[in-house]
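A.B. asks: What shape does this take:
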Amino acid sequence: MRTRYFLIFFLGILLVELWACANESMEPVRYFSKPSITLSLLVFLFFQKEMVPKTRTFLGLGLLFSLFGDMLLLFDTYSPFYFIGGLLSFLLAHLMYLSCFWKRALFQIKRTFFIASLLAIYALAILYFILPNVGDLLPYIIVYMTVLLLLVLVGFLRKSHTNTASYRLFLFGALFFMVSDSLLALNKFYEPFGLASVIIMFTYALAQLLIVLGGISKFKNLRF
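C.D. replies: Residues are numbered from 1 along each chain as shown. As a prediction, the model looks like this:
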């Protein structure tokens, strides 16, 4: 499948999802448009035969767990258990993505410590704002944030261990995931803001797309 055609299709799905997010009357559309983001990426990934089976499998599992998380979070206003289930699903998704890109050789002490310290400061700043309202969810959130930030850390540390395209795509994908989840947390546990769903889903969709493209570009030059 040509990447150009897929990106056009993916953009169409994303625009429908953002339109539904911006219009409360169109909320039922999201039961189809939101999961279609990860489903379309799963189909696209299926056609990437040049990839090492292990990488494709872990990327596919990451998307599958993300799909479960997407569906659960659609119902998180009904019960906190849906939010916990969504959180755990995305935790597993991040662990699958880490399995694709993790290498022990990445972790050089000085560089790792510097980037990890910056990410820890960022995490503490987010926790400062949301802490008063998270209640019993705090342990789940801390574990989730730790794994997500580890994903971002790996993204930064891959520079000399892969090609430029894969490095940049995955890094920006991980960063967009961090931004998306930070905005979701602030909107849910600190103060709701206008067009929150639109911005959160836009950054989330970009994150998933870039991570998948980053995995694919480890093994092939993407043709647009």
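A.B. asks: Mind checking what secondary structure residue 78 has?
C.D. replies: coil (DSSP: H, G, I helix; E, B strand; the rest coil).
A.B. asks: looking at this protein, which helix or strand is least sure?
C.D. replies: helix 109-134 (a mean of 92; mean pLDDT, DSSP states H and E).
A.B. asks: in the protein, which spans are helices?
C.D. replies: 3-22, 30-46, 53-73, 80-101, 109-134, 138-157, 164-189, 196-216 (DSSP state H).
A.B. asks: who wins for proximity to residue 222 among those helices?
C.D. replies: helix 3-22 (4.8 Å; C-beta to C-beta). Quick note: C-beta positions are derived from backbone N, CA and C, even for glycine.
A.B. asks: Quick check: which helices or strands does that closest one pack against?
C.D. replies: Taking 3 or more C-beta pairs under 8 Å, 6 or more residues apart in numbering; DSSP states H and E as contact, the helices and strands that helix 3-22 lies on are helix 30-46, helix 196-216.
A.B. asks: Indicate which one of those helices is closest to residue 59.
C.D. replies: So among these, helix 196-216 is nearest, using C-beta to C-beta, at 4.8 Å.
A.B. asks: Pull the distance from the closest one to the chain's centre.
C.D. replies: Distance of helix 196-216 from the chain centroid (C-alpha atoms, centre = their mean, to the nearest Å) equals 6 Å.
A.B. asks: buried residues in that helix?
C.D. replies: In terms of neighbour count (16 or more other C-beta atoms under 10 Å), helix 196-216 has its buried residues at 196-197, 199-216.
A.B. asks: Please apply the same query to stretch 19-33.
C.D. replies: 20, 21, 30, 33.
A.B. asks: Apart from its chain neighbours, what residue comes closest to the most centrally placed residue in the chain?
C.D. replies: A centroid search over the chain (C-alpha atoms, centre = their mean) returns residue 177, at 4.0 Å, as the residue closest to the centre. Using C-beta to C-beta, 6 or more residues apart in numbering and skipping the chain neighbours, the partner closest in space to residue 177 is residue 207 (3.9 Å).
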